[in-house]
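# curious how this folds, go ahead:
(one chain, ligands or ions: 1)
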Amino acid sequence: MIRASRTWAPANLALVKYWGKRDAVRNLPATSSLSATLGLFGSEAAILPADADVLEVQGDPRRAIRVLQAARDLTGLRDPLRVVVRNTVPTAAGLASSASSMAALALALSRALGFEDDPLWVARLARLGSGSAVRSLLGGFVEWVAGIAPDGSDCQAREAFPAEHLPLAIRIAVTTDAPKPVSSGDAMERCRLTSPCYGDFVRDNPAAMEQGRWALADRDLARLGSVAEEQSLRLHEVLRAASPPIDMLLPASRDVIDVVLRMRDRGVPCFFTIDAGPSVAVFVEEAHADAVGSALAAIPGVIRVLEDRVAVEGARFLAEAP
Ligand code: DP6
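Okay, the predicted model is just below:
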């Protein structure tokens, strides 16, 4: 008999990027990554007993089906379930809604099936839904190590630094609500097979991780920013060099980058990061967050600016579902 369970998980933004898979079946990454967990934007999930399987999932249901099937295979569970997953971020607009939704779902399943005290079980399930979901289970600045073990036993995430180590506000310039034309997984595979700069991107990942870790250890926003911006621009170069090319950026995305660079020239401590989509996130010291938010909102093509900050907590349980 399963227990009803409700969870919430935050989205996260990558500073050093996960791009490519070393094992597509186990969904093990080719690169280690470093991310910041958000506080407000994320996803809710609920697991409830039902008379027949019901899936109420916002966005592409295939990821949730994969996670559910894996949970059934791991536990032998046969009971029908009602599975609800809802995003509080624009679905598939490059804001990692797959990360928050799959982290919320994996955590909800863990309590429903009695595995909530086993973080590795939860992470493994979350990873099968979406690699970056593993990072949404944790708060602060999160490091996800790619590892080399074929079974993925050394591919684990940990909180590298708590949020209060380097308190940062985040402003996200949303440039579209349209779903991505190519999923991250398909884009990664196309890059691996056809993009001439993919190999260099993967080869340089350990150095980028080292720079990111040290910049955080030193609370050095400028150095952290230079790693995150370089990673973002290189990721989109890798995408554009694929065949056929994948250009995820919009003119407004480039305008946001220009505004961030100009504000920084004027002394505003901020930097941008872009994941696999056209929205651009800006990390900034709290005292300058309003100025950055207003400048982003004034850019034609920015349809809204989301306000958030690096958050203390990752995925969590909500009051038990009725
Ligand atoms: C560009 O985690 O969405 O945001 O494992 O195939 O679901 P799958 O990929 P996903 O990829 C995220 C890629 C990225 C960079 C990152 O988050 O590190």
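# what's the burial count for residue 240?
15 (other CB atoms under 10 Å). In this view, the C-beta of every residue, glycine as well, is placed from N, C-alpha and C.
# again but with residue 54, I slipped
12.
# identify each buried residue in the longest strand anywhere in the chain, please.
When the chain is parsed with DSSP state E, its longest strand is strand 33-49. Using 16 or more other CB atoms under 10 Å as the burial criterion, the residues of strand 33-49 that qualify are 33-39, 41-48.
# how about stretch 142-155?
Applying 16+ other CB under 10 Å to stretch 142-155 flags 142, 143, 144, 146, 147, 152, 155 as buried.
# contacts for that stretch, please.
Applying CB atoms under 8 Å, 6 or more residues apart in numbering, the contact partners of stretch 142-155 are 12, 18, 22-23, 26, 28-37, 124, 127, 131-132, 134-135, 156-160, 205, 209, 213, 314.
# from those, which land in helices?
124, 127, 134, 135, 205, 209, 213 (DSSP state H).
# export those residues to a markdown table and append columns for pLDDT.
Putting those into a markdown table (pLDDT from 0 to 100) gives the following:
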| residue | pLDDT |
| --- | --- |
| 124 | 96 |
| 127 | 97 |
| 134 | 98 |
| 135 | 98 |
| 205 | 98 |
| 209 | 98 |
| 213 | 98 |
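# dump the residues you listed into TSV; add distance to the ligand as well.
Formatted as TSV, the ones in helices among the contacts of stretch 142-155 follow (distance: CB to the nearest ligand atom, whole Å):
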residue	distance to the ligand
124	13
127	7
134	9
135	7
205	11
209	12
213	15
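# may I ask which two of those residues are separated the most?
Across those, the longest distance by CB to CB is 24.4 Å; it joins 124 and 213.
# residue 81 is in contact with residue 1, correct?
No: between residue 1 and residue 81 there is no contact under CB atoms under 8 Å: 11.6 Å.
# settle it for me: which of these two has more neighbours?
residue 81 (23 against 5).
# pLDDT at that one, what is it?
With respect to pLDDT, residue 81 scores 95.
# in the ones in helices among the contacts of stretch 142-155, which residue is surrounded by the most others?
Going by other CB under 10 Å, residue 135 tops those with 33 neighbours.
# got a list of what that residue touches?
With contact taken as CB under 8 Å, 6+ apart, residue 135 is in contact with 12, 14, 33, 35, 37, 99, 142, 144, 157.
# between the residues you listed, which is nearest the ligand?
residue 14 (3.2 Å; CB to the nearest ligand atom).
# check contacts around that closest one.
Counting by CB under 8 Å, 6+ apart, residue 14 has contacts 33, 34, 35, 96, 132, 135, 231, 273, 275.
# hmm, 6 Å instead?
For residue 14, the contacting residues are 33, 35, 275, by CB atoms under 6 Å, 6 or more residues apart in numbering.
# so it, which state does it fall into?
Residue 14 falls in the strand class when you classify it by DSSP: H, G, I helix; E, B strand; the rest coil.
# against the ligand, how distant is residue 259?
Using CB to the nearest ligand atom, to the nearest Å, residue 259 is found at 22 Å from the ligand.
# average pLDDT for the helix or strand harbouring that residue?
Using DSSP states H and E, residue 259 sits in helix 251-265. Here helix 251-265 scores 98 as its mean pLDDT.
# what's the answer for stretch 45-62, then?
In the prediction, stretch 45-62 has an average pLDDT of 92.
# again with stretch 67-78
Computed over stretch 67-78, the average pLDDT equals 94.
# what residues of it count as buried?
For stretch 67-78, the neighbour count (16+ other CB under 10 Å) marks 67, 68, 70, 71 as buried.
# gap between the last one and residue 2?
So that's residue 71. Counting by CB to CB, to the nearest Å, the gap from residue 71 to residue 2 is 10 Å.
# and for the first one?
From residue 67 over to residue 2 the distance is 15 Å, taken as CB to CB.
# swap in residue 44?
18 Å.
# before we move on, what about residue 134?
As judged by CB to CB, residue 134 and residue 2 stand 24 Å apart.
# farthest-apart pair in the buried residues of strand 33-49, please.
34 and 48 (35.6 Å).
# the ligand contacts on this protein?
14, 17-19, 27, 33, 96, 98-99, 130-132, 184-185, 275-276 (CB under 6 Å from any ligand atom).
# among those residues, which are located in strands?
14, 33.
# widest-spaced pair of the residues of the chain next to the ligand?
27 and 275 (17.0 Å).
# the two: who's more crowded?
Set residue 27 next to residue 275 and count neighbours by other CB under 10 Å: residue 275 wins out with 27 against 21.
# let me know the pLDDT of the more buried one.
94.
# gap between it and residue 87?
15 Å.
# before we move on, what about residue 262?
Taking CB to CB, one finds residue 262 at 32 Å from residue 87.
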